[in-house]
Structures are given as C-alpha cells and as structure tokens.
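> No letters, just coordinates:
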C-alpha cells in the first residue's frame, strides 16, 4: 500500500462517538502528601485520580516529592497538600506573627465572645534580669485585674442604660451586652495573653511559615516554628483514632488474621507532611536583611522625632516606584510614618536610594522569595495607626499587601468608646501607663523582645496596607457595618473618606455605613 493510501486510511478510520464524560467526585482519607502526588500525576499520566491513589504508597510519594520538589524546584506541588493544625495556648503576640501569611486560612479565639480572664499568659525568660521580670509581672497582673473590673463594670453600665426588648430572650440580651462590654475591656489584654487557633494551609505556605517563625527574634515564636515542623513530620492525631482501635481489637478477637489486616488499615500511623517540611530552617536572607534595613533606617532618620499624623488613616500619594520600594523596605524596620520616611528617601541621591533597594535583595538565596516589601505598584496605599486589637481584625484582609512595624509604646494608646461615660477612664489610664512604663524599663534593660509582651491591645501600632480599588471598597463596606467593633469601623470610614476626597467620582460605589449615626447596641 502506498504511503498516501496509508495516510488516507488512517484519517478515514472511524472515531469514537463523542459523548459527555465529565465526572466530579470528592476525595477523602488520603494522606496530604500522597494526594499531592496523585494530583501532580495528572501532568504526567493519563490515569484517573482513583487509579493513581490506588497504586501510590507513602514511600513512592516521598520518593517523587524528593525528586521533583527538592531537586527540580517544582514547589507548586506543595500547593496541593492541605493540612490542618490546632495551635493552642500561644500568646497573642505569637498568634499575630503566626497568621501573618497572605495564603492563610484559620480561626482564632475571639476577644469579643470569650472572656480571657482565665486563659493564662506567656512569661518570657527573665533569668538574666529578675528585676525586669518583677516589673513585667506586676504590670501584667494590673492589666488583668483591670480587664476583669472593666468587663463587669461596663456590663452593669450597659444594663442600666439599655432596656431589654420584650421580644428578646434574657440569655440573648446578656450575651449581647457582655460582648459589647468585652469590646471595651479587650483594650487591656496584654500581648502575653494566651489564645488558641486552628489553621488550614497548603504545604508550601506551611514550609515558608515555619521558616519565617524560626527566623523570628522572639524565643516563643521560634519554638512555635519547631513544634509546627515536628507536628507536620510526626504522627497526626486522628479524630476517630480510639474508635478505630476498638474496632480493630473486636475484629482481632473474632478472627486474628482479619484483625492483623484491619490493624494495618485502621490504626496505621499518619504523617501529614514529613517530606515537604523536612528542610524548613531559619531564613538567612531574612535574618541578614532585617538587620541591615534596621541600620539603614536608623541612619536615615537619625535624631528625627516620630511624627504623629493628624488622621489615623493616611492615603498616600502615588510616587516613583523606586521611592516606594525603598520607603517600604525601611518602613517595616522602624516606627516612622510612611510619609515622613518617603520625604527623606525622595531627597536622597538616586545612587543612595538604589543602595537601599539593593539591601532588600543582597542576601537572597537561589530559592528565596523576595521580601513582601517588594510587592509594590498598588494604586491605593494606606498608612494606618490604630490599636493592636483593631489591627488584628484588619489583619485578616489578606488580599492586601501588609507591612507591619514592630510593636512599641512610642505611639501611645487608644481610649475605647464608652469608657469615660462608664466612669472607668482613670483606672484604665493608670493600668495602660503602668504597662507602657514597664515596656520602657524592660526594653532599657536590653530585653525589647520580652518587653513587647506587656503591651496591651489598646496600644497603637502602625501598619502599611497596599491594595487595589476593589479591596478598598470591600474593607470599607464590611468593616463599617454597625455590628462591627468601633475601632475598625472608624478606620474603615476614614479609608472611605480618604478615597472619596482623592477620587470623588468613585465615592458613589461604596455602600458604607456612616459611623456618626447612632448604633443599636443590641444588634449583632
């Protein structure tokens, strides 16, 4: 047969009749690393997910990941392995640092719905300065005593002011007003206060999270990184573990051979992500760069007082990309407002400005992602000064690029709404000032990392939020709602006002609630 005849015959061969074949099914019970391997096989195999999972063992998954993940740098595979962790009895300070990931999902104990009086608190190591430890403990005790007193007094004040509607149950009335009281008293909770949270992250985020925690200056946070790595590499806690063990023993009692098979399936050890996190280590790029940027910021702003802007929210002017990059790199290494830093940076010669930018990448290794500070070019950039408690709520908006400054007492503290009316201003002011004085004394003793734990949530902190228009609109709408906390409601309103002044034609797209309108405190 001629070559042209072969080609014609092949072309004219009957094709399989087209038919709709889409199939969708959920997958449950596979170990995260095995599931990641099975999903990655779609790119290299025509096998179905069921067929792939049927032939994959944990050993094969480990071999595959060692080859493609670590040798060839296919880190996207780790995006396919999602893992859940419970992280309990860590300080509020450590929790803020832990969740500072843009690809993070989780939930933490709420200071609005839970009383933290009996949660306990983290005590840093004061073995090198017992006197500083005594000052620290005294201030912490004073804060918790005032937290309890403020909660109860505020609740009594609200009950005396707000009458329970006839159609509202007494239990709902009590719960709602207690939440409003806790909205006020939470300002007194120190960052040492214990909390708990759960997180669900992919293995790539977990790997970078562990590395970041291991590189943190706080001892508690570094220990947390080690425990996360151990939890990912060790045996996972099984929800039905005891029930499955009981079932296996019952089966073995009836049929030993069948019991042995059941043991292999029902009580086998499950490790969440032993391969994907085994190389997590302190990040030398971050450690070296953090020190150099802090030094550069100190040199640039030598002897300059920290300015306090008139408004808590400053919508920054658009500027040259190089100025934004250099300013943002320095921002996270000091306590100065963005606008004050940018003024100094803009006045520098171009060569010196480029040197600052180069500091941010000088120590970058082959597999290191650029620092978050290099995420630049967003049209809307807000420099926000607010209480730490309110910041924790704003921190959840992970579509933003957020640059946090270290916690300090130099910005003072906020006074919550309703405190003065309830006659609680004087004791609140006394407890806050005692805590800030303790921060100063412990810091002066060379224990700045320890000192941060004594700062109450009412302490002001500065953070840079970079975002697009859609995110600014979303935050302003969500956070200005009457049921929200008055702290972030004020920030959301000022964000909207700032955008409306600068871009008046876009103001009508915001569906915000005017925070100056009265709020029904019984509405949640």
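Now that the structure is in, tell me what you want to look at. Predicted model only: the values in this text are computed from it and were never measured.
> In the stretch 51-200 of the chain, mark out all the strands, start to finish.
Counting by DSSP state E, counting those that start in this stretch, the stretch 51-200 of the chain has strands at residues 82-91, 105-108, 194-202.
> Can I get these in TSV including distance to residue 399?
From N, CA and C alone the C-beta is placed, and that goes for glycine too. Listed next are the strands of the stretch 51-200 of the chain as TSV, based on distance: least, CB to CB, whole Å:
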stretch	distance to residue 399
strand 82-91	20
strand 105-108	13
strand 194-202	17
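> Residue 162: neighbouring residues, count only.
Residues near residue 162, counting by other CB atoms under 10 Å, number 15.
> Looking at it now. What's its pLDDT?
With respect to pLDDT, residue 162 scores 93.
> before we move on, what about residue 58?
Value listed for residue 58 in the pLDDT field: 55.
> picking up where we left off before, closest to residue 437 out of the strands of the stretch 51-200 of the chain?
Judged by CB to CB, the one of the strands of the stretch 51-200 of the chain that comes nearest to residue 437 is strand 82-91, at 20.6 Å.
> And the helices in the stretch 251-400 of the chain?
Under the criterion DSSP state H, counting those that start in this stretch, helices of the stretch 251-400 of the chain are mapped to 256-266, 284-300, 321-331, 338-347, 350-359, 388-394.
> Lowest average confidence across those, which one?
Taking the mean pLDDT of those, helix 256-266 comes last: a mean of 89.
> So which other helices or strands are in contact with that helix?
helix 241-254 (3 or more CB pairs under 8 Å, 6 or more residues apart in numbering; DSSP states H and E).
> mean confidence for the helix it packs on?
In this model, helix 241-254 carries a mean pLDDT of 90.
> and what of stretch 136-151?
97.
> again, but for stretch 403-412
On average, stretch 403-412 scores 97.
> what does that stretch rub up against?
93, 100, 191, 306, 308, 328, 331-332, 334-335, 372-373, 385, 388, 436, 439-440, 452, 455, 459-464, 466 (CB atoms under 8 Å, 6 or more residues apart in numbering).
> burial measure for residue 521, as a count.
17.
> count of residues packed around the closest residue to it other than its chain neighbours?
Leaving aside its sequence neighbours, residue 521 sits nearest to residue 180 (CB to CB, 6 or more residues apart in numbering; 5.3 Å). Residue 180 sits with 20 neighbouring residues when counted by other CB under 10 Å.
> one step back: let me have the strands of the stretch 51-200 of the chain in JSON lines, extended by mean neighbour count.
Below are the strands of the stretch 51-200 of the chain laid out as JSON lines (neighbours: other CB atoms under 10 Å):
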{"stretch": "strand 82-91", "mean neighbour count": "17"}
{"stretch": "strand 105-108", "mean neighbour count": "16"}
{"stretch": "strand 194-202", "mean neighbour count": "18"}
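> Relative to residue 226, which of those strands is closest?
Taking CB to CB, strand 82-91 is the member of the strands of the stretch 51-200 of the chain nearest to residue 226, at 12.8 Å.
> same for the closest one, what does it pack against?
Against strand 82-91 (3+ CB pairs under 8 Å, 6+ apart) you get helix 92-98, strand 194-202, helix 203-214, helix 219-233.
> Mind doing that once more with 6 Å?
strand 194-202 (3 or more CB pairs under 6 Å, 6 or more residues apart in numbering; DSSP states H and E).
> which neighbours does the strand it packs on have in its sheet, and in what orientation?
Strand 194-202 has the following sheet partners, assigned by DSSP bridges: strand 82-91 (antiparallel), strand 105-108 (antiparallel).
> what's the distance between the shortest one and the middle of its chain?
Translated: strand 105-108. 8 Å (CA atoms, centre = their mean, to the nearest Å).
> go on, the longest one?
In terms of CA atoms, centre = their mean, the gap separating the centre of strand 82-91 from the centre of its chain is 12 Å.
> what angle separates that strand from helix 219-233?
Between the axes of strand 82-91 and helix 219-233, defined by axes from the mean of the first three to the mean of the last three CA atoms, to 10 degrees, the angle is 150 degrees.
> contacting residues around strand 82-91?
32, 122, 192, 194, 196, 197, 198, 199, 200, 202, 272, 273 (CB atoms under 6 Å, 6 or more residues apart in numbering).
> what about 8 Å?
Applying CB under 8 Å, 6+ apart, the external contacts of strand 82-91 come out as 32, 95, 98, 120-122, 191-203, 206, 220, 224, 228, 231-232, 272-273, 453.
> Can you give me the pLDDT of the most centrally placed residue in the chain?
Against the mean C-alpha coordinate of the chain, by CA atoms, centre = their mean, the closest residue is residue 99 at 2.3 Å. Here the pLDDT value assigned to residue 99 is 96.
> Then the one 5 residues further on?
Note for residue 104: predicted pLDDT of 91.
> Go ahead and confirm it touches residue 198.
No. Counting by CB atoms under 8 Å, residue 104 stays clear of residue 198, with 11.3 Å between them.
> For residue 442, which non-adjacent residue is closest in space?
residue 451 (3.8 Å).
> dump the residue contacts of the residue nearest to the centre of the chain.
Residue 99 sits in contact with 106, 108, 197, 199, 395, where contact means CB under 8 Å, 6+ apart.
> got the phi/psi numbers for it?
Note on residue 99: its backbone torsions stand at phi -80, psi 0 [degrees, to the nearest 10].
> ok, it to residue 204 distance?
Relative to residue 204, residue 99 is positioned 16 Å away (CB to CB, to the nearest Å).
> try residue 156
Residue 156 sits at a distance of 50 Å from residue 204 (criterion: CB to CB).
> For those two, indicate the residue with more neighbours.
For the pair residue 156 and residue 204, the greater number of neighbours falls to residue 204 (19 against 13), based on other CB under 10 Å.
> Could you tell me the per-residue confidence at the more buried one?
88.
> With the one 3 residues further on instead?
pLDDT, residue 207: 91.
> Repeat that for residue 399.
For residue 399, pLDDT reads 93.
> likewise residue 67?
The predicted local confidence for residue 67 is 64.
> Quick check: which ranges of the stretch 351-500 of the chain have low pLDDT?
Of all residues in the stretch 351-500 of the chain, none has pLDDT under 70.
> Please enumerate the strands of it.
380-387, 401-404, 460-467.
> coming back round to it: so which of the helices of the stretch 251-400 of the chain is nearest residue 246?
helix 256-266 (9.7 Å).
> got the angle for that closest one vs helix 241-254?
Using the same axes, to 10 degrees, the inter-axis angle of helix 256-266 relative to helix 241-254 is 160 degrees.
> So for helix 256-266, what gets flagged as buried?
Using 16 or more other CB atoms under 10 Å as the test for burial, helix 256-266 gives 259, 262, 263, 266.
> Would you mind confirming that the second one makes contact with residue 253?
No. The pair formed by residue 262 and residue 253 falls short of the contact definition of CB under 8 Å, at 11.1 Å.
> show me where pLDDT drops low in the stretch 51-200 of the chain?
56-75.
> Pretty sure residue 356 sits against residue 326.
Yes. With contact defined as CB under 8 Å, residue 356 reaches residue 326; the gap is 4.3 Å.
> Could you name every residue contacting both of the two?
Counting by CB under 8 Å, 6+ apart, the contacts common to residue 356 and residue 326 are 345, 348.
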